[in-house]
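Q: Any chance you could fold what I've pasted below:
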Amino acid sequence: MSGINEYIDSEVKSQDVVVFMKGTPGFPQCGFSGQVVQILDYLGVDYKGVNVLTSNELRQGIKDYSNWPTIPQLYVKGEFVGGCDIIREMFQAGELQSFLEEKGVSVKGAA
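A: As a prediction, the model looks like this:
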């Protein structure tokens with residue numbers, strides 16, 4: 001495993017919910033990253049944002065790591081969940097909330 005892969009692996013496993021995004025949770029730098037942050041904030045999920053704009057190596061590395069071409073990317077308990085469209089669809093269908101709860105992640109206002 002390369003250095004960047006080890007870094008990503010440790011980040012993904014450092015917290016229950018990790019989102020690799022453009023910008024930071026407080027200042028997303030793309031609309032898709034912003035949407036994922038809004039959903040997680042709305043659900044009251046405790047998560048860590050990793051800004052891929054800090055390094056080209058990281059931005060490419062996360063795509064290789066997940067074999068997923070776009071950013072943001074959401075990981076729960078070390079498992080890749082998906083990008084913006086998938087997260088939004090899961091959220092709108094109420095599946096994201098139950099998925100997080102099944103994984104033992106606390107969600108506020110869950111049915």
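Q: just the strands in the chain please.
A: 17-21, 23-24, 27-28, 48-51, 73-76, 79-82 (DSSP state E).
Q: Could I have the CA atoms of the first one written out in CSV?
A: Translated: strand 17-21. Extracted in CSV, the C-alpha atoms of strand 17-21 (Å, rounded to 0.1, in the frame of the first residue of the first chain):
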residue,chain,number,x,y,z
VAL,A,17,-18.4,8.7,9.6
VAL,A,18,-15.8,10.3,7.2
VAL,A,19,-16.5,12.4,4.1
PHE,A,20,-13.8,13.1,1.6
MET,A,21,-14.8,16.4,0.1
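Q: Pull up the pairing partners for it, direction included.
A: When pairing is defined by DSSP bridges, strand 17-21 lines up against strand 48-51 (parallel), strand 73-76 (antiparallel).
Q: Tell me which of those strands sits most buried.
A: strand 73-76 (a mean of 24; mean count of other CB atoms under 10 Å). C-betas here are computed from N, CA, C, even on glycine.
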